[in-house]
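A.B. asks: got a structure for you, letters missing:
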């Protein structure tokens, strides 16, 4: 079995027998194709009209890039954007069973025999011409009320952090699928070939935190070049990017050229496309040695910009620093900039922790929107702020209106978005007076994903990747574009 | 040809059916049918295929002087009569018959009677040379005519039209809201099933009065009450819903089209309203302007095709050229500062200059050569020149860019001398102009001179002060809870 042996060595190499068997099928299908599509052999040298062509949007996009300010741990909607006066009026009363209606509980509150309604420990005011309700924890976000679209009716299926955040990032509660940044990189390609198209920045608040794992920005079954690149704070933003001491840039160039020619030889031998993407990645890393330090260097930012984001933005690794970094990355054509800020998991001590978390993110998030706006970048950059699920309207643990906690709540929660073709100054969706169930315009995570992709010029049903015998999508088998959110 | 033996009972049956058919034809308007017969009418679309085939076969046999089996002749004539009668049962549900239906009805009825006559006088006919051939010929023509009109009733009048034959005229500058906008939306999406010949759900959508009269589910529109209007309710149902319109398989209306219909009804569903009667900020006016604006795809449809290989050749690690969308020849170009800048990179774009609609040259050390290249991008709509060493005189050479609607020139050294330049750009909608040499007075006068232009002068001072001076420590903590 000589033939099969050589096939095992190089599965992509075609032997004679294989060639002929493929050929007969091929000629047959070409003949059939020419009958069905008369223009098949017309030629003409102009574009083929292949819809599955990648690296190009399916239709003219409203947004070219996304900055996702992910508030990991799930901030409470009752202390942020969903104003529910009923909670104050009926403070301490048990949540009516007709409202909870059998909703499953986490292990943390399933032992509770009472679910006393808990109002927020902070006031709410209406802001801007749009009159959006925003809690007093966020005086700066309140100033951009007319620029943001608050969605109060997001809902998810997961009730614990890991499945919920995985669901948000990949469209599936079970890990292993590509992250949405990877899907967008796969579908749209890169705007700037000197930087990764999907970048991740993390920061951590003092509040109760949940873990973040690199699987959240993994490219799953997509080509590894679509994977999110974590930029670390400090001297080496990208690990192993810098040359070892004593290696000059021209020596590096020489090395890369040699490695590349060896790789090309190997590719000719095996026909493996992954080698080509590996060569491209070496080249990009070489260019990133110049471009990354340049993007990360905020020393040339003027004083008023530094003050706008807050002095914290000069401290690497803070949320404010990451927010400013996000703007610089967006300016440099990174498609998807994913920030995570940890510390929003307030099962207890919510008023204090919430205040601390708000101090971390309030000014910088709002400053980012203002900064993008003055640069005209809000026209084609979509900013999203929110966590992985909501929190309960009842108190977890001891009932104390000055020091309470809230458990996980998947049925309704709030996020906001700004720019990138999303209607500014509106509030979308509604929850009941208890803020427990959605009564108007629900938005499922799949719908949310479909809408984001639409804003980026992609049809979520068309962007697929065939893996293990079936075609996968970010929205899998669900999701509707919510047109009312878009301009 | 042998004489056909005709069983007497069959002759009586034929006579009876023929008389009943003639009676139906003449008195159709006065007949009220029992529900069962009405229901039998629904078999018409099924059984009508038999007489078509049988009659054509028979007529061809006769024309080619072949023997006609008597049993076949009987079955044929019977099927023709039954089909015609069932057609009347079906049509009796419709009170207001359109042209198509009337023609179909008389042709079909005539065909049935003619077939019966042919059967009855077959012997005499086959004797006479002249009418021997005219009879089958006439039958064939009638079958084609009846079938054609019947088909138009079922599939829509434009079913046989060549693709894109129905072209609509240009919308006038100051359109009549109903006639030029709303009616057009309805025409394109609804009327093929809701016209005098095919009144699905008994709803006619060809006039405002017909819409108000409505159909089975009540009035389609209730002026000033879009929420209660059936048409809006159905349009807004989820696509999967049985009652969603247009039904499954037809192209749904765009969000904009639905919004226009909704606002038009809210505004009173007027048929005399014109765009200029509306206040500019009125939602209906805004929507109509959007509807009238040439959409991006058609605006760029006439661009010279660019091959992918050209884009690959022109692009580089520091110059990204993307199509605006799949299959579009409109290009978006982003340039980034390479370690060693060479203007040749940018100047190479000349070959595709008229295809570029978006150009980002932010923070590049541009000179005269690059600016003169930009001036050649005659279709440019979006230009980013922030952070470049552009000057007043260089900028002025860009006043030829008549399509430009978005311009970033913040963080540059331009001065008040550029004000006349901005005024020359008639299509400019958004201008980002801060951190420049322009004076306060200059900016003010520019704002006054160009009413349709949005000028971003950076973050407003009070807002900036608030951000700089206020920390995010919630000041009203626990105070506003009483």
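C.D. replies: That came through, no problem. Note that the coordinates shown come from a computational prediction; the quantities given were computed from them, not determined experimentally.
A.B. asks: Which residues belonging to stretch A:166-174 are considered buried?
C.D. replies: A:166, A:167, A:168, A:169, A:170, A:171, A:172, A:173 (16 or more other CB atoms under 10 Å in any protein chain shown). The C-beta positions use only the backbone N, C-alpha and C, and glycine is treated the same way.
A.B. asks: Then stretch B:402-412?
C.D. replies: For stretch B:402-412, the neighbour count (16+ other CB under 10 Å) marks B:403, B:404, B:405, B:406, B:407, B:408, B:409, B:410, B:411, B:412 as buried.
A.B. asks: Could I get the full set of helices for the stretch 101-250 of chain A?
C.D. replies: A:139-143, A:161-170, A:180-188, A:249-270 (DSSP state H, counting those that start in this stretch).
A.B. asks: To clarify, my last question referred to the stretch 201-350 of chain B.
C.D. replies: B:208-213, B:230-236, B:255-266, B:283-292, B:296-299, B:308-314, B:343-347.
A.B. asks: helices or strands next to the second one in the packing?
C.D. replies: By that I understand helix B:230-236. On a contact count with 3 or more CB pairs under 8 Å, 6 or more residues apart in numbering or on different chains; DSSP states H and E, helix B:230-236 meets helix B:255-266.
A.B. asks: Now do the helix it packs on against helix B:283-292, angle only.
C.D. replies: Interaxial angle of helix B:255-266 relative to helix B:283-292 (axes from the mean of the first three to the mean of the last three CA atoms, to 10 degrees): 150 degrees.
A.B. asks: leaving aside the residues next to it on the chain, what's closest to residue B:113?
C.D. replies: residue B:18 (6.2 Å; CB to CB, 6 or more residues apart in numbering or on different chains).
A.B. asks: Assign a three-state SS to the one you found, would you?
C.D. replies: At residue B:18 the chain is in helix, as set by DSSP: H, G, I helix; E, B strand; the rest coil.
A.B. asks: List the contacts of it.
C.D. replies: If you count contacts by CB atoms under 8 Å, 6 or more residues apart in numbering or on different chains, residue B:18 has them with B:81, B:112, B:113, B:116.
A.B. asks: Let me see the contact set for the third one.
C.D. replies: If you count contacts by CB under 8 Å, 6+ apart, residue B:113 has them with B:18, B:21, B:22.
A.B. asks: mean confidence for the helix or strand containing it?
C.D. replies: Element membership of residue B:113 [criterion: DSSP states H and E] is helix B:99-120. For helix B:99-120, mean pLDDT rounds to 89.
A.B. asks: likewise stretch A:16-32?
C.D. replies: Here stretch A:16-32 scores 71 as its mean pLDDT.
A.B. asks: State the separation between it and the centre of the chain it belongs to.
C.D. replies: How far stretch A:16-32 lies from its chain's middle: 43 Å, per CA atoms, centre = their mean, to the nearest Å.
A.B. asks: follow-up on the earlier one: got CSV for the buried residues of stretch A:166-174, with distance to residue B:365 and pLDDT too?
C.D. replies: What follows is the buried residues of stretch A:166-174, written out as CSV (distance: CB to CB, whole Å; pLDDT from 0 to 100):
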residue, distance to residue B:365, pLDDT
A:166, 45, 96
A:167, 47, 96
A:168, 42, 95
A:169, 40, 95
A:170, 42, 96
A:171, 44, 95
A:172, 47, 95
A:173, 50, 95
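A.B. asks: Next, count neighbours for residue 232.
C.D. replies: Since no chain was named, I'll use chain A. 15 (other CB atoms under 10 Å in any protein chain shown).
A.B. asks: look at chain B instead
C.D. replies: Neighbour tally, residue B:232, other CB under 10 Å: 20.
A.B. asks: Assess the claim that it and residue B:257 are in contact.
C.D. replies: No. At 11.5 Å, residue B:232 does not count as touching residue B:257 under the criterion of CB atoms under 8 Å.
A.B. asks: intersection of neighbour lists for those two?
C.D. replies: With the criterion set as CB under 8 Å, 6+ apart, the contacts of residue B:232 and residue B:257 do not overlap.
A.B. asks: contacting residues around the closest residue to residue A:192 other than its chain neighbours?
C.D. replies: Once flanking residues are discounted, residue A:192 sits nearest to residue A:333: 3.3 Å by CB to CB, 6+ apart. By CB under 8 Å, 6+ apart, the residues touching residue A:333 are A:65, A:190, A:191, A:192, A:195, B:320, B:334, B:336.
A.B. asks: Among these, which are located in strands?
C.D. replies: A:65, B:320, B:334 (DSSP state E).
A.B. asks: so the last one sits right up against residue B:364, yeah?
C.D. replies: No. In terms of CB under 8 Å, residue B:334 does not count as a neighbour of residue B:364; the distance is 10.7 Å.
A.B. asks: count of neighbours near residue A:130?
C.D. replies: 16.
A.B. asks: so which helix or strand takes in the one residue sitting closest to the centre of chain B?
C.D. replies: Nearest to the geometric centre of chain B sits residue B:188, at 4.9 Å (CA atoms, centre = their mean). Assigned by DSSP H and E, residue B:188 falls within helix B:183-189.
A.B. asks: ok, and for stretch A:286-297, which residues are buried?
C.D. replies: Under 16+ other CB under 10 Å, the buried positions of stretch A:286-297 are A:286, A:287, A:288, A:289, A:291, A:292, A:294, A:295, A:296.
A.B. asks: Turn those into a markdown table, columns for distance to chain B and secondary structure.
C.D. replies: Below are the buried residues of stretch A:286-297 laid out as a markdown table (distance: CB to the nearest CB, whole Å; DSSP: H, G, I helix; E, B strand; the rest coil):
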| residue | distance to chain B | secondary structure |
| --- | --- | --- |
| A:286 | 10 | helix |
| A:287 | 6 | helix |
| A:288 | 11 | helix |
| A:289 | 10 | helix |
| A:291 | 8 | helix |
| A:292 | 13 | helix |
| A:294 | 8 | helix |
| A:295 | 10 | helix |
| A:296 | 15 | helix |
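A.B. asks: Return the residues in contact with residue B:431.
C.D. replies: Residue B:431 neighbours (CB under 8 Å, 6+ apart): B:407, B:409, B:422, B:453, B:454, B:455, B:456.
A.B. asks: What's opposite residue A:391 in the beta bridge?
C.D. replies: On the basis of DSSP bridges, residue A:391 is bridged to residue A:408.
A.B. asks: quick one: which of the contacts of residue B:113 is nearest chain A?
C.D. replies: residue B:21 (46.1 Å; CB to the nearest CB).
A.B. asks: The residue in chain A that chain B sits nearest to and residue A:416, how far apart?
C.D. replies: For chain A and chain B, the shortest gap (CB to the nearest CB) falls at residue A:123, measuring 3.0 Å. Distance, residue A:123 to residue A:416, by CB to CB, to the nearest Å: 19 Å.
A.B. asks: Which one of the two is surrounded by more residues?
C.D. replies: More crowded of residue A:123 and residue A:416, by other CB under 10 Å: residue A:416, with 27 against 17.
A.B. asks: Residue B:85 - how many residues pack around it?
C.D. replies: 22.
A.B. asks: what residues are up against it?
C.D. replies: Contacts of residue B:85 (CB under 8 Å, 6+ apart): B:17, B:20, B:21, B:24.
A.B. asks: Identify the residues contacting the second one.
C.D. replies: It refers to residue B:20. Counted by CB under 8 Å, 6+ apart, residue B:20 has contacts residue B:85.
A.B. asks: any idea of the pLDDT on the residue nearest to residue B:113?
C.D. replies: pLDDT for residue B:18: 89.
A.B. asks: what about it, distance to residue B:86?
C.D. replies: Applying CB to CB, the value for residue B:18 to residue B:86 is 15 Å.
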